[in-house]
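Visitor: Build the 3D model from these lines:
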Amino acid sequence: MSDADRLQGLAPVIGPNTRLVVLGSFPSVASLRAQQYYAHPRNHFWPLLSALWGLDLRALPYAQRLDVVRERGLGIWDVYASCRREGSLDSAIEAAELNPLARLREWAPGLQALAHNGGESARAMRITRGLGLVVHRLPSTSPANASWRFERKLAAWRAVFEQHQLA
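Guide: A predicted model of the protein is given here:
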């Protein structure tokens, strides 16, 4: 793959009252195609938020989902701004370029914490811990994380969301 094949990530979803930002690694092929976070139909991200908040976010148009996310104090972004990758697996990410994660404090003055969605994102914990925020590692919502049942993921996500008054 050449630099012409370099993939670009999605813009951050941050609101003025963002208290917690969930950081993925890099959008899947389905997400890049749709230009939507967590667009793969088997990804548990939107079902988890739906269960935590008691509303079916999947029934809403994407723009409205993002409005709900912002209103509730959640932000969404990825660790990597760009990379080269064949397919969607994190293990295939090459030549990754980090997003300017330090800017999150500027964009969200009330930011309390970051939550890494999965292992590849959590590789950046050495950087995010330096931002002076609480940093969590959550189980991946990816369909590739089949070893965690939905209920187990939900319990882990609920604990973090409750700690930051998002659930």
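Visitor: ok, Arg85 - how many residues close by?
Guide: Residues contacting Arg85 under the criterion other C-beta atoms under 10 Å number 25. (C-beta placed from N, C-alpha, C; glycine too.)
Visitor: State the pLDDT value of it.
Guide: For Arg85, the pLDDT comes out at 93.
Visitor: these two touch, right, it and Ala92?
Guide: Yes. Assessed by C-beta atoms under 8 Å, Arg85 is found in contact with Ala92 at 4.8 Å.
Visitor: Please enumerate the strands of the protein.
Guide: Ranges of strands in the chain, per DSSP state E, are 7-8, 20-24, 74-78, 80-84, 94-98, 113-117, 134-138.
Visitor: Including distance to Arg65 and mean neighbour count, could those go into CSV?
Guide: Formatted as CSV, the strands of the chain follow (distance: least, C-beta to C-beta, whole Å; neighbours: other C-beta atoms under 10 Å):
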stretch, distance to Arg65, mean neighbour count
strand 7-8, 21, 15
strand 20-24, 13, 26
strand 74-78, 10, 24
strand 80-84, 22, 19
strand 94-98, 26, 14
strand 113-117, 16, 24
strand 134-138, 19, 19
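Visitor: Out of those, which gets nearest to Ile127?
Guide: Nearest of the strands of the chain to Ile127, taken as C-beta to C-beta: strand 94-98 at 7.2 Å.
Visitor: tell me which strands and helices the helix ranked longest in the chain is in contact with?
Guide: Secondary structure of the chain read by DSSP state H shows that its longest helix is helix 150-163. Taking 3 or more C-beta pairs under 8 Å, 6 or more residues apart in numbering; DSSP states H and E as contact, the helices and strands that helix 150-163 lies on are helix 45-53, strand 113-117, strand 134-138.
Visitor: which residues touch it?
Guide: 20, 44, 47-48, 51-52, 113, 115, 134, 136, 138-139, 141, 145, 167 (C-beta atoms under 8 Å, 6 or more residues apart in numbering).
Visitor: now with 6 Å?
Guide: Applying C-beta atoms under 6 Å, 6 or more residues apart in numbering, the contact partners of helix 150-163 are His44, Leu48, Ala51, Leu52, Ala115, His136, Leu138, Pro139, Ala167.
Visitor: How about stretch 126-137?
Guide: Residues external to stretch 126-137 that are found in contact with it (C-beta under 6 Å, 6+ apart): Ala113, Leu114, Ala115, His116, Ala122, Met125, Val160.
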